[in-house]
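A.B. asks: everything below, folded, please.
(one chain, ligands or ions: 1)
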Amino acid sequence: MARFKRILLKLSGESLQGEQGYGIDVKRLNEYAEQIKEIADMGVQIGIVIGGGNIFRGLAGAGKGFDRVKGDQMGMCATVVNSLALSSALDSVGQKNRVMTAIRMEPIGEFYNKWKAIEAMQQGEIVIFSAGTGSPYFTTDTGSSLRGIEIEADVMLKGTRVDGVYTADPEKDPTATKFHDITYEEVLSRNLKVMDMTATAMCMQNNLPIYVFNMDIKGNLKRVLDGEEIGTLVHN
Ligand code: UDP
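C.D. replies: Have a look, this model is predicted:
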């Protein structure tokens, strides 16, 4: 039995770039698709949000002189590009899936609808929610909190390149220690960078737990669903 019945999986765009340092690393993409297929085969209902940081971030664009709203729209389009790539990789491993978009852009994806998404997931199809919230000044962390709450997911699984939440950034501070679990309140009071504040507050207010784990190690997604304690649980 899988630990969760319905999940919202958040993948960062940046992870998709793999060792290339930019764009989409096909090896990483295919590894993700295989890991996702593995848990779909366990009967887990899966919604996915993927970021766009490997292509464009509105805030970084604004720093270079881009209009912020247009930059954010470019960022949202980047998430659509990544979602289509993931959809195609899932097709290749024989996993049924569909892309929904928060901004109308048929025929690239179906316009987001909560009930259609739930119906598809109940029938074993994975739904990839692209274009974030559809609005500028948000991130895909907020997009995944929103979708996770809407689709009534049991948990948001945040697949990152670190294996959980630490007292400080483990890539910068070697003395940092990992939490087995932590409350949202503590995340906020310690100013830990698990997600941005808007996303954290949304999960906290709506009681959606987050499990942070390292998605870049093959088999880890299944380990989480098998109940292995390899990451950090953030909860109320
Ligand atoms: N974005 C947005 N609204 C949303 C979600 C995303 O404007 O609801 C834009 C924003 O510019 C963001 C970019 O899309 O920087 C890419 O998303 P994000 O930075 O969250 O990607 P990640 O860091 O997960 O790769």
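A.B. asks: show me where this protein dips below the pLDDT cut-off.
C.D. replies: Residue ranges of the chain with pLDDT under 70: none are present.
A.B. asks: and it, which residues reach the ligand?
C.D. replies: 12-14, 51-53, 57-59, 71-72, 75-76, 78-79, 132-133, 135-136, 138-143 (CB under 6 Å from any ligand atom). Just so you know, the C-beta spots here come from the backbone N, C-alpha and C atoms, and that holds for glycine as well.
A.B. asks: for residue 129, name its beta-bridge partners.
C.D. replies: residue 100 (DSSP bridges).
A.B. asks: need the contact list for it.
C.D. replies: Counting by CB atoms under 8 Å, 6 or more residues apart in numbering, residue 129 touches 47-49, 83, 100, 102, 112, 117, 143-144, 147.
A.B. asks: closest to the ligand out of those?
C.D. replies: residue 143 (4.5 Å; CB to the nearest ligand atom).
A.B. asks: mind checking how far that closest one is from residue 102?
C.D. replies: The span separating residue 143 from residue 102 equals 7 Å under the rule CB to CB, to the nearest Å.
A.B. asks: intersection of neighbour lists for the two?
C.D. replies: By CB under 8 Å, 6+ apart, the residues touching both residue 143 and residue 102 are 129, 131-133.
A.B. asks: about what we covered before: from the contacts of residue 129, pick the one nearest residue 170.
C.D. replies: Set against residue 170, the nearest of the contacts of residue 129 by CB to CB is residue 144 (22.6 Å).
A.B. asks: which of the three states applies to the residue lying closest to residue 136 once chain neighbours are set aside?
C.D. replies: Sequence neighbours aside, residue 72 is the residue nearest to residue 136 in space, at 3.5 Å (criterion: CB to CB, 6 or more residues apart in numbering). Judged by DSSP: H, G, I helix; E, B strand; the rest coil, the three-state class of residue 72 is helix.
A.B. asks: can you give me the neighbour number for residue 72?
C.D. replies: By other CB atoms under 10 Å, the residues close to residue 72 number 24.
A.B. asks: wait, doesn't residue 206 sit right on residue 152?
C.D. replies: No: taking contacts as CB atoms under 8 Å, residue 206 lies outside contact range of residue 152: 10.2 Å.
A.B. asks: ok, back up a step: which residues does the residue nearest to residue 136 contact?
C.D. replies: By CB under 8 Å, 6+ apart, residue 72 lies in contact with 58, 136-138.
A.B. asks: one more time with 10 Å
C.D. replies: 52, 56-59, 61-62, 66, 132, 135-139 (CB atoms under 10 Å, 6 or more residues apart in numbering).
A.B. asks: now swap in residue 126 and tell me
C.D. replies: Residue 126 neighbours (CB under 10 Å, 6+ apart): 9, 33, 36-37, 39-40, 44-48, 86-87, 90, 95-99, 120.
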